[in-house]
Each structure stands twice: as C-alpha cells, then as structure tokens.
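# Test case, fold it:
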Amino acid sequence: NLSNCTNLSSSALLESLPSLVCLKTLNLSKCTQVDGGILDSVFETLRSSLTSLNVMCCVNIVSDDLQHISKLTKLTYLNLNGCKFLNSGVVDYISKLTSLSKLSIQETSILSSDIYLDVLSSSLTNLTLLRFGSLQYHSKRFNSRTNPYYTSITDKGLATLSRLTKLKRLYVISSKLITDKGISSILNL
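Next up, the predicted model:
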C-alpha cells in the first residue's frame, strides 16, 4: 500500500517493479507524481499476478495510459476514482477486463452517456460492484452544466445493467436523468 505517497515518483516505482513480479495488490491512490509511464511497466511486469489496482486520484494519468490494461488478465478490482483526465475512450480498454468484479470510476468522464454503460454491462458480466458519477453533487459550485463528472446516464442506460446478474452493489451519484422507471428496470438484480 503506497497510498498518499505524494512524493513517490514513477522512476522509483520502475526500479522496484522487476522484484515484485508476484505482487497481487497495488495501491497507488493519491500518488500525485505517478503517471502513465509506470502503468505500462505495471501492465507488463505484473500481468500474471496483479488482481487489484487502485490509482484513485492519480491526477497525471490520462486515457491513453490505460490502453494496455487488458494485459492484466487476473485483475478483479480496479479503482480509477478521481483520475480527472480519463474520458469515455477508456471504456474500450476496461471492457476487455473480463475477470473484473469491482469497478469504481467516480469523478471521471468515463461514463458520459448510456452507450458506454451499455458496452461495460455487455462485457463485464462478472461485476459485483459498480460505482460511477460525481461525489461533488452537494456543492453549489457544480451542476450539470459546470461539473464535467456529472453523469448523463438515463433510465435506458441503467436498464442495461440488468445484464449484470452478479451485481450486488451499485453506486450512481449525480444523475438527474434516472427516474423510478430506471430503478424498476434493475430491481431484480
């Protein structure tokens, strides 16, 4: 667990990775110096062992940094919360992680519309936990026009989650487009 090591650089991690080939869990949350350079090495070096990756609030990670994440074939937990430069382009990369059971993508622009939720629910059928949306919904500074992480998921998008028969926990934050109809479409999960 290296969370909150705000002065930890990618170069220091790169030096350590070759000796950590059996590592199962890597928590780099709030390591603000970590960037995409380390992720390629993580994906390659830990491809046969890593089951949990937490890069929450690693603000230097951008969407293209995740293009090889599918190498982590045993990954069951992925936390991308607060990676503010991630957008819907990441959906193609994440959707290849078929072993994933827990996905947290709050405070990102990954699920900007129903189509991306549809892609994830079609391919990540082992999900037991899904978190998306914005935690900043109580702030007076943010609303659907000014908050880029505000989700525009509708009832139709929420209904696609009915494919996720293993889903036990769902957190949808800041979606004013979901109504009772959308909730009723997933009640039998």
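# Quick one: find the helix or strand in this protein with the lowest mean pLDDT.
One helix or strand of the chain scores below all others by mean pLDDT, DSSP states H and E: helix 10-16, with a mean of 84.
# Return the residues in contact with the nearest residue to residue 46 once chain neighbours are set aside.
In this structure, residue 46 finds its nearest non-sequential neighbour in residue 23, 5.6 Å apart by CB to CB, 6 or more residues apart in numbering. The way it works is simple: take the backbone N, C-alpha and C, and place the C-beta from them, glycine included. The contact partners of residue 23, by CB atoms under 8 Å, 6 or more residues apart in numbering, come to 46, 49, 50.
# Type out the PyMOL command that picks the buried ones from those.
Applying 16 or more other CB atoms under 10 Å to the contacts of residue 23 leaves a buried subset, and the PyMOL line that selects it is:
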select buried, resi 46+50
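# quick revisit: buried sites along the least confident helix or strand of the chain?
10, 13.
# Also stretch 32-43?
33, 34, 35, 36, 38, 39, 40, 42, 43.
# Please apply the same query to stretch 70-78.
Buried-residue list, stretch 70-78, by 16+ other CB under 10 Å: 70, 71, 72, 75, 76, 77, 78.
# now do stretch 115-122
Across stretch 115-122, burial judged by 16+ other CB under 10 Å covers 116, 117, 118, 119, 120, 121.
# Many thanks, we can stop here.
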